[in-house]
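>>> structure for this input, please:
(one chain, ligands or ions: 1)
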Amino acid sequence: MSNIIDGKHVAKVLRENIKTETAELLEKAGKAPNLTVVIVGENPASQSYVRSKKKFAIEVGFESDTIELPESITEAQLLAQIEKLNADPNVNGILVQLPLPTHINEQTVIRTIAVEKDVDGFHPEQVGGLSIGLDTLEPCTPAGIIELLKYYNIETSGKNAVVIGRSNIVGKPIASMLLKLNATVTITHSRTANLPAVASGADILVVAIGKPHFLTGDMVKDGAVVIDVGINRTKEGKLVGDVDFESASKKASYITPVPGGVGPMTIAMLLANTLKAFKKQSNL
Ligand code: GUN
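Residues are numbered from 1 along each chain as shown. Just a heads-up that it's a prediction; the model follows:
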């Protein structure tokens, strides 16, 4: 039976540390970080994420604004709004909630955000920086996974890490981060030949493929660490991960549950990135 990695607890500890540091900075510099979130349209899941981001930002002592724009906004109008935030010295972090309506090019929007305010870590310059080992603002979900591994003192150096999924948001950046921590990294995906054989050689498995219960216990080596990044909703409305927890937890030494594993870490890391951006912009 495995140890459960408690992301809810680790996220809370992180937020408490951020809150303490924010209060000290407010005392010292007389200002607090500002996170501004832009949301286009009325996707209920996006609205819920954006509300949580604001709630936690306020809770740690940040200022936080939400800019709600209609689905009908043109790409040019959205880019102009971002340029305004780029130029506003009171805004330290900008996050444009994804997905965007199909008439707006996501990559163009991401490139328009000032690199130093890109608290999602999605700008190509940050992605490039991460891949060559620079100190960048790192994408929040994979950065949260690394925090969990560190919190539980899980060794990465010399370990075989297998990443399942090659998204820009999780698969590719977590591979770069694990490589930086001296793991031997394999990225697998939907076209990988004999994926179960590759997975079963892993000391650390990161599963972000977006398929409910994709990874089963027979693909897990005894004692492996299993990180489940999946958030899938069943027909009954239940949240399930990309890992079949029941069978995988019989083999793993450590495993993240869904919910309560990786999920809570994403917003905690967004707050950490906003604080980092604020300090850099304010020379603190
Ligand atoms: N939509 C789902 N996850 C994310 C995220 O991490 N950042 C942004 N901007 N949009 C998202």
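
>>> what residue in the stretch 101-250 of the chain comes nearest to the ligand?
Ranking the residues of the stretch 101-250 of the chain by distance to the ligand (CB to the nearest ligand atom) places Asp120 first, at 4.8 Å. (C-beta placed from N, C-alpha, C; glycine too.)

>>> please, which helix or strand holds the nearest residue to that residue once chain neighbours are set aside?
Counting by CB to CB, 6 or more residues apart in numbering, Asp120 lies nearest to Leu95, which is 5.5 Å off, once chain neighbours are set aside. Secondary structure assigned from DSSP states H and E places Leu95 in strand 93-96.

>>> can you give the distance of that strand from its chain's centre?
Remark: strand 93-96 is offset 14 Å from the chain centroid, using CA atoms, centre = their mean, to the nearest Å.

>>> would you map the strands across the chain?
With DSSP state E as the criterion, the chain has strands at 3-4, 34-40, 63-69, 93-96, 160-164, 184-188, 204-207, 225-228, 232-233, 239-240, 254-255.

>>> for those strands, give me TSV that also has mean pLDDT, mean neighbour count and distance to the ligand.
Listed next are the strands of the chain as TSV, based on pLDDT from 0 to 100; neighbours: other CB atoms under 10 Å; distance: least, CB to the nearest ligand atom, whole Å:
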stretch	mean pLDDT	mean neighbour count	distance to the ligand
strand 3-4	98	14	24
strand 34-40	98	23	8
strand 63-69	98	16	13
strand 93-96	98	26	5
strand 160-164	99	25	17
strand 184-188	98	19	19
strand 204-207	99	27	16
strand 225-228	98	28	16
strand 232-233	92	13	14
strand 239-240	95	16	15
strand 254-255	98	22	22
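
>>> one step back: ramachandran angles for the residue of the stretch 101-250 of the chain closest to the ligand?
Dihedral pair for Asp120: phi -80, psi -20, per degrees, to the nearest 10.

>>> grab the nearest non-local neighbour of the closest residue to the ligand within the chain.
Nearest to the ligand, among the residues of the chain, is Leu98, at 3.6 Å (CB to the nearest ligand atom). Residue nearest to Leu98 in three dimensions, not counting chain neighbours: Glu106, with 6.3 Å by CB to CB, 6+ apart.

>>> so which bits of this protein are right by the ligand?
Residues of the chain lying near the ligand by CB under 6 Å from any ligand atom: Leu95, Val96, Gln97, Leu98, Asp120, Cys140.

>>> near the fifth one, how many residues? Count them for me, please.
As a burial measure, the neighbour count of Asp120 was computed by other CB atoms under 10 Å and equals 23.

>>> ok, it touching Val109?
No: using CB atoms under 8 Å, Asp120 is not in contact with Val109, being 10.9 Å away.

>>> where do the helices sit along the stretch 51-200 of the chain?
75-87, 106-112, 124-131, 140-151, 171-180, 195-199 (DSSP state H, counting those that start in this stretch).

>>> so if we follow the domain assignment, how does the protein break up?
Taking automatic domain parsing as the criterion, the chain consists of the domains 30-115, 140-263.
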